[in-house]
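J.: here is the input, now give the coordinates:
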Amino acid sequence: MTETSLHLGFDDSRTRVVLRTTEQYRQDLVQLAARFRTGGQLGPLSASVALDELLVNLPVLSSWPDPSGVEWAAELRNLVSGVVKDSRLVEERLAGSAAPPEVAADDVLSMLGDTWKEDLNAFQRRDVAKLLSLGHGANFSVPGAGKTRVALAVYAAQRARGSASRLLVVCPKSAYESWRYETAVCFNYPLRTHVLDGSLDEWAEVLIVNYERLDRSLPLLANWLKAAPSMIILDEAHRMKLGARGTYGAACMALGPLAERRLILTGTPAPNGAKDLENLMGFVWPGHGQRAVTRAVAGGDLAYASTVLRPLFTRTTKQELGLPPMTLRMRYVDMPALHAEIYSSLVGGMSNGTARDDLSALGKTALRLLMAATSPALLLEGATRHEPLAYQLPPLEIPAGSSLYSLMQNLPDYELSPKYKEALAIIAENAAQGRKTLVWTTFVRSLTTLAQMLDKYSPAVVHGGTPDREEQLRRFREDPSCMVLISNPATLGEGISLHHVCHDAVYVDRDFMAGRYLQSLDRIHRLGLAPGTETRVTVIAARGTIDEVVEVRLDQKLEFMGKILDDPTVQQLADLEEEPSVAAGLAPGDIEALLRHIGGA
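T.: Numbering: from 1, shown residues only. This next block holds a predicted model:
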């Protein structure tokens, strides 16, 4: 009988592989471990390496001097053989050769098991069919296409065939509500769903965790995935696009191979590099499959890579959703004389002292101008701790004796902004027609001011510090007296659906973040709208201010993004929110436009 010279098995966390040898091969183990970037000695006769790296570099093991003495723990051997099999399928799909026959869209509903009850439309059935044909896969459909429901249908089919009996969903906190809702309505009985926030529900069928908690929960999640056949879904998967180089990515790459089925969802495209696509697809197909993707993106041309990789992902375009058109109106208001003087004085002061290469200062400049165009009173207060990080500004320091100082002294304690007046008039008109209104404003102080003004409409209010967010959303959806929801795109821009109860949105102000703006529009304009529904969006802008600069820049960005959203391949793929981290989301083109506005170009 051949003696074991090298034994490979999981460590306790199941995210690393432990290699053990005998005294005779002690030096060989040191050399083997050194060939892995994550390799390290545990003791004289043992070493460990990250599971995902081992899967990517299996051929390294062929250098072991005693191949017949290599022994794999049964659980790890099954995993490795599955990865190799998946990788072959990837190669066959990409080569267009004799891969296993694909599932037909017409057969999908019959594959979902007796407990599935919700219908799927034609493009959702098509997407489910392709994902089931692949085993693992990626859904790059646009926002509002129902990716959550498609993913649950894939899980239902896997569960019906016995391939999975539990589901791990990794997603942003803002998506919790969507997953809870869909797991409740898609089946004859709600799936037992648990959000991991400390304790673990051992009997949960669906476990939801956010990206921030992944790293510190790795051992627990690894054991949960392996305790029964499981499926893992990464929602808003671009959060781990750095792959092993990022905290989220490293945790996802470690957990992925422990699941029987892997699926990624991301539908918000924006300019980015081919490397992101490599890491996303590398999660889905670790090992040899990742190498196939690496070859496809090697040239750095994402348009070419996405065309080559088209057999590996599914995508529904914006046009395919067939939504009733949305009416977008601009409403221009004139600032009162004092407001206009304050704005002009502010611009004059900024044009003298803003360096074009000081991005932080430029970002603050943009935010202060947005405040002044909305309500100059906002300049006198510092940010609340609930203000999104990028929008946290101290009060504007105004030197005594300056023209701006004297103007601000004359500003009444309470002077109604013309933007607020316009918003109030629109909301009153909508309410008279029984139409609820979603009001967007960037700053928390603006939001709380509006909440007081709109008290007669029992407004629901959601910002970063709202303790009862779910209750506020429930009131807006269900309480007939609650006619208004006030929020900011940084808090509520993604992850919720309001299109069944609300068809009117008002933007009191907007910043340069095109992706966030696009996502906020999708809250009331998404799949499931009744035919003929009139969706109305009104943007309020102050004449002669930064609002006009923002309008031009957003129009340019949205025209570009619109082409991508209707592109059946993926020309670019990442997160629309991942625009510049400078306040107000200033891209180079935005900076040029801003400098022209303040006369600093």
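J.: all strands of the stretch 501-601 of the chain, in order?
T.: 502-507, 535-542 (DSSP state E, counting those that start in this stretch).
J.: turn the ones you listed into a markdown table, including mean pLDDT and distance to V195.
T.: Where you see a C-beta, it was placed from the backbone N, CA and C, and this is true even at glycine. Output for the strands of the stretch 501-601 of the chain, formatted as a markdown table (pLDDT from 0 to 100; distance: least, CB to CB, whole Å):
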| stretch | mean pLDDT | distance to V195 |
| --- | --- | --- |
| strand 502-507 | 97 | 26 |
| strand 535-542 | 96 | 31 |
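J.: most tightly surrounded among the ones you listed?
T.: Highest mean neighbour count among those (mean count of other CB atoms under 10 Å): strand 502-507, with a mean of 24.
J.: now for that one, which elements pack on it?
T.: helix 418-432, strand 436-440, strand 535-542 (3 or more CB pairs under 8 Å, 6 or more residues apart in numbering; DSSP states H and E).
J.: rerun at 10 Å
T.: strand 326-333, helix 418-432, strand 436-440, strand 484-487, helix 514-521, strand 535-542 (3 or more CB pairs under 10 Å, 6 or more residues apart in numbering; DSSP states H and E).
J.: after the shortest one, which helix or strand is next?
T.: Next along the chain after strand 484-487, taking DSSP states H and E as the criterion, comes helix 489-492.
J.: I'd like the distance from that following helix to the chain centre, please.
T.: Between the mean C-alpha location of helix 489-492 and the chain-wide mean there is a distance of 12 Å, by CA atoms, centre = their mean, to the nearest Å.
J.: which strands and helices lie in contact with that helix?
T.: Against helix 489-492 (3+ CB pairs under 10 Å, 6+ apart) you get strand 436-440, helix 444-453, helix 469-478, helix 514-521.
J.: got a list of contacts for that helix?
T.: With CB atoms under 10 Å, 6 or more residues apart in numbering as the test, helix 489-492 has contacts from 174, 386-391, 438, 440-442, 444, 447, 462-466, 469, 472-473, 485-486, 498, 507, 510-511, 513, 515-521, 523, 577.
J.: equivalent analysis for stretch 420-431, please.
T.: Outside stretch 420-431, the residues that reach it (CB under 10 Å, 6+ apart) are 329, 331-333, 374-375, 416-417, 435-437, 439-441, 446, 449-450, 453-454, 456-457, 459, 483-484, 486, 502-504, 506-508, 536, 538, 540-542.
J.: any of those residues buried? List them.
T.: The neighbour count (16 or more other CB atoms under 10 Å) marks 333, 374-375, 417, 435-437, 439-441, 446, 449-450, 453-454, 457, 459, 483-484, 486, 502-504, 506-508, 536, 538, 540-542 as buried among those.
J.: and W116, its phi and psi?
T.: Phi and psi for W116, reported as degrees, to the nearest 10, are phi -80, psi 140.
J.: spatially nearest residue to it, not counting backbone neighbours?
T.: What sits nearest to W116 in space, not counting adjacent residues and going by CB to CB, 6 or more residues apart in numbering, is A156, at 4.8 Å.
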